[in-house]
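> okay, predicted coordinates and the sequence, questions at the end:
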Amino acid sequence: MAKAELKTKRSEVSVESFLKTLSDSQQQTDSRTVVSMMQKISGDPPKMWGPAIIGFGNMTLKYDSGRELEWMKIGFSPRKANLTLYGVLSGNEKLSEKLGKFTTGKGCLYIKKLTDIDQKVLEKMIAASLKKKG
């Protein structure tokens with residue numbers, strides 16, 4: 001089956017330029033920390049996906065229906081209410097018990113600020129999720 005057209009695509013927009021648009025200084029600091037963490041663990045440079053998602057790596061998602069989409073291996077978006085992390089939750093339920101204060105929804109991990117969590121546990125979750133994706 002042909003690859004489906006996805007609205008959220010990887011772009012050449014500068015991650016640093018995007019981070020400078022964040023008005024909350026704590027959110028900027030936390031975002032830079034997550035960029036550094038994900039880049040170090042994944043070995044992939046950060047890339048913008050759509051207007052507000054920073055992603056690392058590239059993979060093809062294959063659905064049972066046969067639909068295929070290009071997507072990032074891991075990523076996050078600094079949203080107004082929290083940092084939304086993509087691709088780090090699945091299969092990490094045991095580790096997440098030690099993470100700290102967070103919420104989840106639709107496969108995403110929501111963190112208000114990095115001081116609410118154990119960053120070493122988050123690093124382990126990122127590494128484990130990337131290992132599962134090959």
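Nice, thanks for sending it over.
> so Ala128: helix, strand or coil?
Here Ala128 is recorded as helix under DSSP: H, G, I helix; E, B strand; the rest coil.
> quickly note the distance from it to Leu122.
Remark: distance between Ala128 and Leu122 (CB to CB, to the nearest Å) = 11 Å. Glycine gets a C-beta too; all of them are placed from N, C-alpha and C.
> who has more neighbours, the two?
More crowded of Ala128 and Leu122, by other CB atoms under 10 Å: Leu122, with 26 against 16.
> what residues sit buried inside the longest helix seen in the chain?
Secondary structure of the chain read by DSSP state H shows that its longest helix is helix 25-42. For helix 25-42, burial by neighbour count (16 or more other CB atoms under 10 Å) applies to 27, 30-31, 34-35, 37-38, 41-42.
> pull the distance from that helix to the chain's centre.
Distance of helix 25-42 from its chain centroid, counting by CA atoms, centre = their mean, to the nearest Å, is 10 Å.
> and the next helix or strand past that helix?
Tracing the chain past helix 25-42, the next element assigned as helix or strand by DSSP states H and E is strand 46-49.
> is Leu69 in contact with Asn58, as I believe?
No: the criterion here is CB atoms under 8 Å, and Leu69 misses it with Asn58 at 11.1 Å.
> host element of Glu16?
helix 15-20.
> nope, Tyr110 is what I meant
Per DSSP H and E: strand 108-111 holds Tyr110.
> parallel or antiparallel, list what pairs with that strand.
When pairing is defined by DSSP bridges, strand 108-111 lines up against strand 83-86 (antiparallel), strand 103-105 (antiparallel).
> just the CA coordinates of the longest helix of the chain, formatted as CSV?
Output of helix 25-42 as CSV, limited to C-alpha atoms (Å, rounded to 0.1, in the frame of the first residue of the first chain):
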residue,chain,number,x,y,z
SER,A,25,12.2,30.6,30.1
GLN,A,26,11.7,27.4,32.0
GLN,A,27,10.1,25.8,29.0
GLN,A,28,13.1,26.9,26.9
THR,A,29,15.6,25.5,29.4
ASP,A,30,13.7,22.2,29.7
SER,A,31,13.3,21.9,25.9
ARG,A,32,17.0,22.4,25.4
THR,A,33,17.7,19.8,28.0
VAL,A,34,15.4,17.3,26.3
VAL,A,35,16.9,18.1,22.9
SER,A,36,20.4,17.3,24.3
MET,A,37,19.2,14.2,26.0
MET,A,38,17.3,12.8,23.0
GLN,A,39,20.2,13.7,20.6
LYS,A,40,22.8,12.0,22.8
ILE,A,41,20.8,8.8,23.3
SER,A,42,19.4,8.5,19.7
